[in-house]
Each structure stands twice: as C-alpha cells, then as structure tokens.
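J.: Give me a model of this one.
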Amino acid sequence: MVALKNAVVEGKFDTGRDEFVYIGAPSKLYRTKTFLDNGVIRSKGKATEMFLQTSEGQYDAVDPKDFDAVVIYGGNYHLQGLFASLLRASSQQNNCFSSAFLTKGSQGWLEKTRTIDTIREMKARADAQIVLMFEPFFSERYKKKMPEGAVISEKTRDIVFDALREVVEDAGAICLFQPEETITDVIYSHHELAQDSRRMVGGGTEAHDNEDLTHLNSTYGAKALEKIRTALT
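T.: The predicted model follows:
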C-alpha cells in the first residue's frame, strides 16, 4: 500500500479531482489485530495506531459507507506463495496439472482467506464499488528462493488468474492483478520496481534494506493506481 500512497506524495500519479484515502497496517498486524464486523474492517491495538497513521488521523476502521469505492489491496495472503506451492508440488511429483485442478486449487486457496467474506459483507452493507487488487509479484531476483526444478508457464498463470477472478467477481468485486508491463518471467516483477521501496511503519519514508525483494516502489504504485482508476471509470 505504501507504494501507492507514495506515488501520489512523490508526484508520480495525478489524482485529479479524485480523493484517495489510505488505511492499512503491516501484514502481521492486519492478520492478528483486525476483524470483520458487519462489513466494516475494525482494528485494535497496534493496528488501530497504523490505521490512524496511514489515514492521517482520519480513520480507525474501514466502513464502505464512508467511500464511493473501496480498494482492498493485498491481505493475509500472497500470490507468490500460491505459485511457490504449485512449483513445489510440480517439481516433487514431476508432472503438470490440469486446468480443472488449477482452478479448484486456486479458488479453494482464496476462499480460505477472509477476503471473500469481506467483499460480500461490504457489498451487503453499502453501495460502494469494491475492488480487490492482488499485491504484485516479488522481484525477479527472488527466483533463486523459489522451489527449483519446475517452471510456471504463462498459460498456467492465466488459468490461475482466471480462477481467482471468477471467485472475486462472484463475490461482487472488481478483480485486478498487477499491470502486465510490470511483470517479467511470468511470476516476478522487474527488479528496478523493487529498488528504494518504503516501509509502512514510519509514515512511508523509511526505506527497506537493500536486500528486500518482496516490496515494490512508488513507480510501481503509480502504474497500479492508473489501473485502479481505469477500472473504476
């Protein structure tokens, strides 16, 4: 989320007449210190502090009634983990997976998260448009940390994407993945987009260390915001 917020702060994305509010917490806090209450994402403890910090003191909860549109960016899961599991299983079993297997497995993976319930409850609570944008793939240099002995084809990736999109749209939200031009080698992001990424703690001004390969920067954020705006217009 910091990448998107900093894209605006750094002048890489012109919001025009639109007003953007950012409300979030680092993944661990989001998983353990937020909860869903009748379509409202509520926070407690340190997560409340982060919600207030990221929203410039405006919000300690996300209520879709307060907005024309709500973009859920990431959550308590990551696509890189899903594809790592597929790589691991494929290399161990020395086989390929059918479209039906990929579809069922991918949809089951997403449905186990809180995200789909969040979308459904938000849609029941308010008329706001809901968007789910999956967080981007890690830097291409992360490839050395992924399971070896197998590759993910573009066809396989797209079967997974289509399966996930079906679940999200059935729940009532617009489903977005990272812009195609930011992807390299099917399931990674261009490394230059991972350079000079920033932490959420510290107001988005503190850089991750040079070895961080899992977060992207404000240049990516600007591209993501443009895709979000296009989807909402």
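
J.: So R229 sits against D18, correct?
T.: Yes - counting by C-beta atoms under 8 Å, R229 does reach D18; the two are 7.1 Å apart. C-beta coordinates here come from the backbone N, C-alpha and C atoms, glycine included.

J.: In this structure, mark out all the helices, start to finish.
T.: 2-9, 27-33, 46-54, 79-93, 99-111, 115-125, 154-171, 218-232 (DSSP state H).

J.: sorry, back to before: settle it for me: which of R229 and D18 has more neighbours?
T.: Regarding R229 and D18, a neighbour count based on other C-beta atoms under 10 Å identifies R229 as having more, with 16 against 12.

J.: Of all the helices and strands in the chain, which has the lowest average confidence?
T.: When the helices and strands of the chain are scored by mean pLDDT, DSSP states H and E, helix 79-93 comes last with a mean of 83.

J.: What residues sit buried inside it?
T.: The neighbour-count check on helix 79-93 (16 or more other C-beta atoms under 10 Å) flags L79, Q80, L82, F83, A84, L86, L87, S90 as buried.

J.: check contacts around the closest residue to D162 other than its chain neighbours.
T.: Using C-beta to C-beta, 6 or more residues apart in numbering and skipping residues adjacent in sequence, the residue nearest D162 is T103, 7.7 Å away. Counting by C-beta atoms under 8 Å, 6 or more residues apart in numbering, T103 makes contact with I159, D162, A163.

J.: if I look at T103, how far off is A231?
T.: Distance, T103 to A231, by C-beta to C-beta, to the nearest Å: 23 Å.

J.: And for R42?
T.: Going from R42 to A231 by C-beta to C-beta gives 27 Å.

J.: try D68
T.: Using C-beta to C-beta, D68 is found at 13 Å from A231.

J.: Mind checking which of these two has more residues around it?
T.: The neighbour comparison of D68 against A231 (other C-beta under 10 Å) goes to A231, with 15 against 12.

J.: list the contacts for the more buried one?
T.: V131, I174, L176.

J.: same check, this time on L132
T.: L132 neighbours (C-beta under 8 Å, 6+ apart): V71, I72, T115, I119, V168, A173, I174, C175, L176.

J.: Pull the number of nearby residues for the first one.
T.: Neighbourhood size, V71 [other C-beta under 10 Å]: 22.

J.: What's opposite it in the beta bridge?
T.: Listed by DSSP bridges, the beta-bridge partners for V71 are V131.

J.: Contacts only, for it.
T.: Contacts of V71 (C-beta under 8 Å, 6+ apart): V131, L132, M133, I228.

J.: A69 is in contact with the third one, correct?
T.: The reference is to M133. No - using C-beta under 8 Å, M133 is not in contact with A69; the gap is 11.6 Å.

J.: Look at these two and report which has more neighbours.
T.: Under the neighbour definition other C-beta under 10 Å, M133 and A69 were set side by side, and M133 has more, 22 against 15.

J.: Can you check what pLDDT the model gives that one?
T.: Note on M133: pLDDT of 97.
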